[in-house]
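In: here are the coordinates; sequence isn't available:
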């Protein structure tokens with residue numbers, strides 16, 4: 001017999017079919033953002049090894065910021081990222097649509 005007690009945070013309801021395109025698009029955007037972070041780390045490491053210290057620091061700081069502004073946007077309302085981020089963990093802070101599963 002199934003336990004009908006309180007549900008944990010892991011047992012949230014499955015997204016509806018209409019929500020999956022936004023969830024998928026936001027996952028792609030997060031992946032692009034992660035690639036930019038890796039590019040910033042590797043690029044700044046190469047510049048630092050080459051002796052271009054100030055340029056390496058600028059690349060290390062500027063590329064993740066640019067990546068966040070370009071890629072981390074809500075696909076539904078196109079809200080750019082803020083200091084709080086785009087989501088509260090699952091939903092968009094601007095329009096309230098579900099962005100993560």
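Out: That came in fine, so what should we check first? Note that the structure is a prediction, hence the values are computed from the model and not measured. Residues are numbered from 1 along each chain as shown.

In: Name the residues that touch stretch 45-60?
Out: 40, 41, 43, 44 (C-beta atoms under 8 Å, 6 or more residues apart in numbering). Backbone N, C-alpha and C define where each C-beta goes, glycine included.

In: Please identify which pair of the residues you listed lies farthest apart.
Out: 41 and 43 (7.4 Å; C-beta to C-beta).

In: which residues in the protein form helices?
Out: In the chain, helices defined by DSSP state H lie at 20-49, 53-71, listed in chain order.

In: and the shortest one, how far from the chain's centre?
Out: This points to helix 53-71. 16 Å (C-alpha atoms, centre = their mean, to the nearest Å).

In: okay, the helices of the chain in CSV with mean neighbour count, distance to residue 101 and mean pLDDT next?
Out: Shown next, in CSV, are these (neighbours: other C-beta atoms under 10 Å; distance: least, C-beta to C-beta, whole Å; pLDDT from 0 to 100):
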stretch, mean neighbour count, distance to residue 101, mean pLDDT
helix 20-49, 15, 6, 92
helix 53-71, 15, 19, 91
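
In: Figure out which of these is closest to residue 93.
Out: helix 20-49 (12.7 Å).

In: now the angle from the closest one to helix 53-71?
Out: 170 degrees (axes from the mean of the first three to the mean of the last three C-alpha atoms, to 10 degrees).

In: quick one on the thing from earlier: wait, which of the helices of the chain is closest to residue 89?
Out: Nearest of the helices of the chain (C-beta to C-beta): helix 20-49, 12.5 Å.

In: Excluding chain neighbours, what is closest to the most centrally placed residue in the chain?
Out: By C-alpha atoms, centre = their mean, the chain has its centre lying nearest to residue 30, at 3.9 Å. Distance criterion C-beta to C-beta, 6 or more residues apart in numbering; nearest residue to residue 30, sequence neighbours excluded, is residue 72 at 7.2 Å.

In: picking up where we left off before, hmm, residue 74 and the residue nearest to the centre of the chain touching each other?
Out: No - taking contacts as C-beta atoms under 8 Å, residue 30 lies outside contact range of residue 74: 11.9 Å.

In: What residues sit buried inside stretch 79-93?
Out: Residues 81, 86, 87, 92, 93 are the ones in stretch 79-93 that count as buried (16 or more other C-beta atoms under 10 Å).
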